[in-house]
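# Could you work out the structure for the sequence below:
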Amino acid sequence: MSDPKSISEAIQGLAGKKHVVSEEAKTARKELGKKDKQHNDKTSIALQKKLALVQEFEESVNLLSIIFQRSRFDEFVAFISNPTKMLTINLLIGLLRGIGFAVGFILIVVFVGYLIKQSIPPQYLELISIAMKAML
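Here you go, the predicted model:
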């Protein structure tokens, strides 16, 4: 089969057998190729959608990570998980608020007393002090 004449005869023989493959088979092959291409296109689109979802998820996770870092959420959790520290700090805050309230109340009473003392004439002050002594 290595001589050129036999190769030429073989090619001629194959060319003559074109009628062996039917038109239906050729059409079926084309349709199969189209379906494979459509399937590959659909798969490609599905993969692109999944990739977009993964990228969006990754961006969301990065955003949440930044929010947690800025909000110092881990410090808050550590604070809550230690009840004695939380109780001590809340007790001190309550004491300081109470002291601040008392100091503020005293300053207001002294200021109002000063204003009243300045607005009442001295002769009435003597009468008020005598009346107070009589009540006690």
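# ok, the residue nearest in space to the middle of the chain to residue 76 distance?
The centroid of the chain falls nearest to residue 64 when counting by CA atoms, centre = their mean (3.6 Å). As for residue 64, its distance to residue 76 is 15 Å (criterion: CB to CB, to the nearest Å). C-betas here are computed from N, CA, C, even on glycine.
# Show the pLDDT at the residue nearest to the centre of the chain.
On pLDDT, residue 64 comes in at 88.
# repeat for residue 24
69.
# Number the residues from 803 up from this point.
Sure, I'll start numbering at 803, so the last one becomes residue 826.
# quick one on the thing from earlier: what helices or strands is the one helix or strand the residue nearest to the centre of the chain maps to leaning on?
Using DSSP states H and E, residue 866 sits in helix 825-873. Packing partners of helix 825-873 (3 or more CB pairs under 8 Å, 6 or more residues apart in numbering; DSSP states H and E): none among the helices and strands.
# what's downstream of it, the next helix or strand?
In N-to-C order, the element after helix 825-873 by DSSP H and E is helix 875-883.
# Please tell me how far that next one is from the chain's geometric centre.
Computed by CA atoms, centre = their mean, to the nearest Å, the chain-centroid distance of helix 875-883 equals 18 Å.
# could you turn that helix into CSV, dropping everything but the C-alphas?
Only the C-alpha atoms of helix 875-883 are listed here, as CSV (Å, rounded to 0.1, in the frame of the first residue of the first chain):
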residue,chain,number,x,y,z
PHE,A,875,-16.9,43.4,68.5
ASP,A,876,-14.3,41.0,69.8
GLU,A,877,-13.5,43.3,72.8
PHE,A,878,-17.2,43.5,73.6
VAL,A,879,-17.5,39.7,73.6
ALA,A,880,-14.5,39.4,75.8
PHE,A,881,-16.0,42.0,78.2
ILE,A,882,-19.3,40.2,78.4
SER,A,883,-17.7,36.8,78.9
